[in-house]
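# quick one: sequence plus predicted model below, questions after.
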Amino acid sequence: MKSESMHDSSFRDPSGFIFYRNNVLYRQVNRVFQDDFDLFIDSGLYAALANKKFLIPHEEVDVTPAVPSTSYKIIKPEIVPFVSYPYEWCFSQLKDAALMTLDIQKTALEYDMTLKDSSAYNVQFINGKPVFIDTLSFEKYVEGKPWVAYGQFCRHFLAPLALMSYRDVRLNQLLRIYIDGVPLDLASKLLPFSTRFKFSLLTNIHIHAGSRKHYSDKAIKPSGGRVSRMGLLGLIDNLESTVKKLRWEPGGTEWADYYSDTNYSPEAFERKKQVVAEFLDEIKPATAWDLGANTGEFSRIVSKKGIYTISSDTDPAAVERNYLHCKKNGTSNILPLLLDLTNPSPSLGWAGSERDSFIARGPADVVLALALLHHLAVSNNVPFPRIADFFSRICRSLIVEYIPKSDSQVRRLLATRKDIFSDYTREAFEKAFEKHFKISGSEKLRDSERVLYLYRRRS
Amino acid sequence: MNRVRMTLIVLSFACVVCFIFERPAHAYLDMGTGSFFLQVAIASFLGVLVTLKIYWRKLKKRLALIFSRKKDPPDNEV
């Protein structure tokens, strides 16, 4: 339960802020933003964006403002089921978020308004699609005025996408270090020289970086420059076509062929799916985190039961495939996320609390840890008691698979290193987990030595 | 054709140099002077291209209309 407080991420824009009261999220619109907010509603832009499902819907409510002296209105936005951040998105998620942001700016211009903020943190994934969540990011468009959020768009979207596409997909992790987007001088240094021969990347990243450096200590004079509406549309079209052309194909990765490289039979695999489904029926969760989900095969079993599922993996290719699969099939209640469980997203930003850590966004009703334990215990040297303790902090119930050392997947991990894991036994596993959880069910999978457990957290 | 394209590009960049001066930018987000001037330059260039594209499309449509009329046989010949 959260008491009334301004949200830790909502302090930069004087137009308003979000706050919690009795565990309900509200947004205060400040009087200083009254004209722009009224124009946003009265012009029809809000309705147009809400109809396109580009913007989070809200209702105006009659509640006491959090700060009455500055308040114009209070709105209650729809709740985002799970807040995720750009450094947790795969390539196509960031690309879709970028294209939607540009589409919103084009739509806004049709209504004589403009986006004053193009932060990637203003985008969340709802029902499988990117949605803009900052209702106060629109202001009246003044003919001749440049797009104030242009530089931010390049740092938050264009630079990381170009780096992922032309250099290495893992460079999206720069967004975790640079909370206001990848600095353009860094992007320019990291991008291959050949990108200087592409007009859009040459101008929007390389020359842009040089221009920022050149003018770093110079102010914009009142007689600055002018950007015509046609020029602005040309710029947005140019950014749009550039982003569309950026591609990344998920190639074969370490675990891409995982499902065809197990040492159990197709029947045992089917039985594993059935047991997971039966366990889910027993606990009836509303939310699930499928950790180490690979391409989301088991997440789909969960989501088909109407359970909102976070489907995370550390492999960018697996997350990319998972997202594209969900997109193609219109799966709305799975959110694929890129997450390294051995180093999950920490809380970040100002005062270390602007962006929530992954753990703070829990606990989930159920965590699925299927074919995961050996990665944590063997590849990352985490003893079972620490793994059990971690899981007890992020879920109320746990479906976990124990995989013995004799299994081909564990043997594969041990092939290149000395076996120092004398405590990696079924007995040690059960002892560690039963300290935090009560066992609700277990089944040894036929034709294999793997065992599935259903645990419920104690107290 | 290349010379025409080159002339167009040079003309477009000439427009970039001829900024029309107006108002200062005010916003809670600091857009950065470098981003500001670069945007003015790129947008001026792209604005010219967009305008040319629009007129080129209109011209193509008109020409297509003229030629399709010429191709149509007179009513009394049908």
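Here it is on my side, so go on. As the structure is a computational prediction, the values presented were derived from the model and not from experiment.
# I'd like the average pLDDT over stretch A:68-80.
If you average the pLDDT over stretch A:68-80, you get 95.
# how about that stretch and chain B, touching?
No. Counting by C-beta under 8 Å from any C-beta of the partner chain, no contacts exist between stretch A:68-80 and chain B, the nearest distance being 14.5 Å. For every residue, glycine as well, the C-beta is placed using N, CA and C.
# give me the distance between the two termini of that stretch.
26 Å (C-alpha to C-alpha, to the nearest Å).
# buried sites along the helix or strand A:Ile439 falls within?
Assigned by DSSP states H and E, A:Ile439 falls within strand A:437-444. Buried residues in strand A:437-444, defined by neighbour count with 16 or more other C-beta atoms under 10 Å in any protein chain shown: A:437, A:443.
# tell me how far that strand lies from the chain's centre.
Mean-position distance between strand A:437-444 and its chain equals 32 Å (C-alpha atoms, centre = their mean, to the nearest Å).
# likewise stretch A:267-276?
30 Å.
# in the stretch 51-200 of chain A, what residue comes closest to chain B?
Closest residue of the stretch 51-200 of chain A to chain B, C-beta to the nearest C-beta: A:Gly151 (3.4 Å).
# ok but that residue is inside a helix, no?
Yes. Counting by DSSP: H, G, I helix; E, B strand; the rest coil, one finds A:Gly151 located in a helix.
# give me the number of residues near it?
27 (other C-beta atoms under 10 Å in any protein chain shown).
# now do the contacts for the closest residue to it other than its chain neighbours.
Sequence neighbours aside, B:Ser35 is the residue nearest to A:Gly151 in space, at 3.4 Å (criterion: C-beta to C-beta, 6 or more residues apart in numbering or on different chains). For B:Ser35, the contact set (C-beta atoms under 8 Å, 6 or more residues apart in numbering or on different chains) comprises A:150-151, A:154, A:208, A:211-212.
# quick one: the helices in chain B?
B:2-17, B:33-71 (DSSP state H).
# where among those helices is average confidence lowest?
helix B:2-17 (a mean of 46).
# can you list the weak-confidence ranges in the stretch 301-450 of chain A?
For the stretch 301-450 of chain A, no stretch has pLDDT under 70.
# between the two ends of stretch A:65-77, how far is it?
Termini of stretch A:65-77 sit 15 Å apart (C-alpha to C-alpha).
# residues in contact with the strand holding A:Ile439: which ones?
For strand A:437-444, using C-beta under 8 Å, 6+ apart, the contacting residues are A:275, A:278-279, A:282-283, A:388, A:391-392, A:397-398, A:430, A:450-458.
# against chain B, how distant is A:Ile301?
44 Å (C-beta to the nearest C-beta, to the nearest Å).
# ok but that residue is inside a helix, no?
Yes. Judged by three-state DSSP, A:Ile301 forms part of a helix.
# still on that earlier bit, ok, the strand holding A:Ile439: who's next to it in the sheet?
strand A:451-457 (antiparallel) (DSSP bridges).
# buried subset of the contacts of strand A:437-444 as a ChimeraX selection?
Only the buried entries of these go into this ChimeraX selection, using 16+ other C-beta under 10 Å:
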select /A:275,279,283,388,391,392,397,398,430,450,451,452,453,454,455,456,457
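# thinking again about what came up before, you'd agree the residue of the stretch 51-200 of chain A closest to chain B is up against A:Ala209?
No. The criterion here is C-beta atoms under 8 Å, and A:Gly151 misses it with A:Ala209 at 10.5 Å.
# next, show the common contact partners of these two.
Joint contacts of A:Gly151 and A:Ala209 (C-beta under 8 Å, 6+ apart) are A:Leu184.
# against chain B, how distant is A:Pro285?
41 Å.
# okay but that residue is in contact with A:Ser397, surely?
Yes. The pair A:Pro285 / A:Ser397 is scored as a contact, 6.6 Å apart, by C-beta under 8 Å.
# can you check which residues contact both of the two?
A:365-366.
# what's across from A:Val367 in the sheet?
A:Trp289, A:Leu398.
# contacting residues for it?
Here A:Val367 is in contact with A:288-291, A:391, A:394-395, A:397-399 (C-beta under 8 Å, 6+ apart).
# before we move on, what about B:Leu38?
Per C-beta under 8 Å, 6+ apart, neighbours of B:Leu38: A:203, A:207-208, A:211-212.
# could you rerun that using 6 Å?
Counting by C-beta atoms under 6 Å, 6 or more residues apart in numbering or on different chains, B:Leu38 touches A:208, A:211.
# same check, this time on A:Val182
A:155, A:159-160, A:174.
# one more: A:Arg176?
A:Tyr87.
# how much space between it and A:Ala351?
17 Å (C-beta to C-beta, to the nearest Å).
# tell me how far the residue nearest to A:Gly151 lies from A:Leu341.
B:Ser35 is 38 Å from A:Leu341, by C-beta to C-beta.
# about what we covered before: report the buried members of the contacts of B:Ser35.
So, by 16+ other C-beta under 10 Å, the buried ones in the contacts of B:Ser35 are A:150-151, A:154, A:208, A:211-212.
# now distance to A:Leu55 and pLDDT too, for the residues you listed, in TSV please.
Listed next are the buried ones among the contacts of B:Ser35 as TSV, based on distance: C-beta to C-beta, whole Å; pLDDT from 0 to 100:
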residue	distance to A:Leu55	pLDDT
A:Tyr150	20	96
A:Gly151	23	95
A:Cys154	23	97
A:His208	28	96
A:Ser211	32	92
A:Arg212	30	90
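# out of those residues, who's nearest A:Arg167?
A:Cys154 (16.2 Å; C-beta to C-beta).
# so how far is A:Glu240 from the nearest residue to the closest one once chain neighbours are set aside?
Closest residue to A:Cys154 apart from its sequence neighbours, by C-beta to C-beta, 6+ apart: A:Asn204 at 5.5 Å. In this structure, A:Asn204 and A:Glu240 are 12 Å apart, going by C-beta to C-beta.
# of the two, who's got more company?
Ranked by neighbour count (other C-beta under 10 Å), A:Asn204 and A:Glu240 place A:Asn204 first, with 27 against 17.
# pull stretch A:225-241 out as CSV, backbone CA atoms only.
What follows is stretch A:225-241 as a C-alpha-only set of coordinates in CSV (Å, rounded to 0.1, in the frame of the first residue of the first chain):
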residue,chain,number,x,y,z
GLY,A,225,16.3,29.9,-36.4
ARG,A,226,13.0,28.9,-37.8
VAL,A,227,11.6,25.5,-38.8
SER,A,228,8.7,25.5,-41.2
ARG,A,229,5.8,23.0,-40.7
MET,A,230,6.9,21.4,-44.0
GLY,A,231,10.5,21.2,-42.7
LEU,A,232,9.3,19.6,-39.5
LEU,A,233,7.2,17.1,-41.3
GLY,A,234,10.2,16.3,-43.5
LEU,A,235,12.4,15.8,-40.5
ILE,A,236,9.8,13.4,-38.9
ASP,A,237,9.4,11.5,-42.2
ASN,A,238,13.1,11.2,-42.4
LEU,A,239,13.4,9.9,-38.9
GLU,A,240,10.6,7.5,-39.5
SER,A,241,12.0,6.1,-42.7
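# hmm, that stretch touching chain B?
Yes. Stretch A:225-241 lies within reach of chain B by C-beta under 6 Å from any C-beta of the partner chain, at A:225-228, A:230-232, A:234-235, A:238.
# buried stuff in that stretch?
Neighbour-count burial for stretch A:225-241 [16+ other C-beta under 10 Å]: A:225-240.
# and the strands in the stretch 251-400 of chain A?
Here the stretch 251-400 of chain A has its strands, by DSSP state E, counting those that start in this stretch, at A:287-291, A:308-313, A:334-338, A:364-369, A:395-402.
# do the same with the stretch 1-150 of chain A
Using DSSP E, counting those that start in this stretch, strands in the stretch 1-150 of chain A cover A:5-6, A:16-21, A:24-30, A:58-60, A:71-77, A:113-115, A:123-126, A:129-132, A:138-140.
# is it possible to export those to TSV including distance to A:Phe40?
As requested, those are exported to TSV (distance: least, C-beta to C-beta, whole Å):
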stretch	distance to A:Phe40
strand A:5-6	22
strand A:16-21	12
strand A:24-30	10
strand A:58-60	11
strand A:71-77	11
strand A:113-115	6
strand A:123-126	18
strand A:129-132	12
strand A:138-140	5
